[in-house]
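Q: model the following, please.
(one chain, ligands or ions: 1)
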Amino acid sequence: MKKIIIGNWKLNLDHLEAIQLFQKLNYSLNNDVDKKIDIVVAPSFTSLRSIQTIIEADKLNLFLSSQNVSEFVEGAYTGEVSSEQLIKLKVSYCIVGHSERREHFKETDESINLKVHNLVNKKITPIICFGESIEQRNSGKYLDYIIKQVDSATKGLRKDKVDEIVFAYEPIWAIGTGETASLQDIIEVVSEVKKFIESKPFYNEEKIKFVYGGSVSPNNSEEILNSNIINGALVGGASLDVDQFVKIIESIEL
Ligand code: 13P
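A: Next up, the predicted model:
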């Protein structure tokens, strides 16, 4: 299965800076690597149009993700952005349920599920994030918590509606901390989630990817990305540095 590397730029870069970073990334990629690995950037809403224009003009094989989508389809919801608006901008992916949104914007399992439905209805691939806090890990109940997150996010999805889904394991204690989950920890969680979703009506082995996120850097990417069960990475801080991001991409053995 083709691996995927997603750069989550979070709340960084205005659209001019985003264009600069994206162009540098494009020039830094060697040897048709973009044909062998899906490379995705997730800028702020304000930069989506600028980057889409570059992708289209230069016919690039790089993909756009948004960092969020509305749980509503349209109407009187000031400040929201819909899946219809995103698909018109050729946005291929959307991050949903990131722990930063659950924590700071009080996103609930229910709203995350609505967002996932809105995305699949427009053929945008959801990147569904889940992961435990350090307290949950230490309590030993983290797998139950994670399964509940995945179950709620995917409620009501059916194979005939869903194209691709990316599941992103992002332990909260590893995000922006420099601390990475061990390969063993990642494999345990991913295997458990995989086992859980195998019986679900949306399950389609060829269309489901598992990625890891949490302090991914060139120092740890080789081990994580070359494991069979992990299909890629969701990269935060290191995606804002083109040299580091490219090193992460290039650590995948092709
Ligand atoms: P860092 O790579 O900065 O730890 O962020 C991970 C993340 O939250 C990606 O969505």
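
Q: quick one: the residue lying closest to Ser66 once chain neighbours are set aside from the ligand, how far?
A: Excluding the flanking residues, the one nearest Ser66 by CB to CB, 6 or more residues apart in numbering is Cys94, at 4.7 Å. All C-beta atoms are positioned from the backbone trio N, CA, C, and that covers glycine. Look at Cys94 and the ligand: by CB to the nearest ligand atom, to the nearest Å, they are 12 Å apart.

Q: what of Asn118?
A: Distance from Asn118 to the ligand, by CB to the nearest ligand atom: 20 Å.

Q: what helix or strand is that residue on?
A: Using DSSP states H and E, Asn118 sits in helix 109-121.

Q: tell me which helix or strand comes right after that helix.
A: strand 125-130.

Q: tell me which other helices or strands that next one touches.
A: On a contact count with 3 or more CB pairs under 8 Å, 6 or more residues apart in numbering; DSSP states H and E, strand 125-130 meets strand 93-96, helix 109-121, helix 142-154, strand 165-169.

Q: who touches it?
A: 6, 65, 92-99, 112, 115-116, 119-120, 146, 149-150, 153-154, 163-170, 193, 211, 213, 234 (CB atoms under 8 Å, 6 or more residues apart in numbering).

Q: what subset of those is buried?
A: Buried by 16 or more other CB atoms under 10 Å: 6, 65, 92-99, 112, 115-116, 119-120, 146, 149-150, 153-154, 164-170, 193, 211, 213, 234, out of the contacts of strand 125-130.

Q: please report the distance of the residue of the stretch 101-250 of the chain found nearest the ligand from Lys195.
A: Closest residue of the stretch 101-250 of the chain to the ligand, CB to the nearest ligand atom: Gly236 (2.2 Å). To Lys195, Gly236 is 28 Å away according to CB to CB, to the nearest Å.

Q: higher neighbour count, the two?
A: Gly236 (22 against 10; other CB atoms under 10 Å).

Q: wait, doesn't Thr154 sit right on Asn113?
A: Yes. With contact defined as CB atoms under 8 Å, Thr154 counts as touching Asn113 (7.4 Å).

Q: ok now the helix holding Asn118, how far from the chain's centre?
A: Relative to the chain's own centre, helix 109-121 is displaced by 15 Å; criterion: CA atoms, centre = their mean, to the nearest Å.
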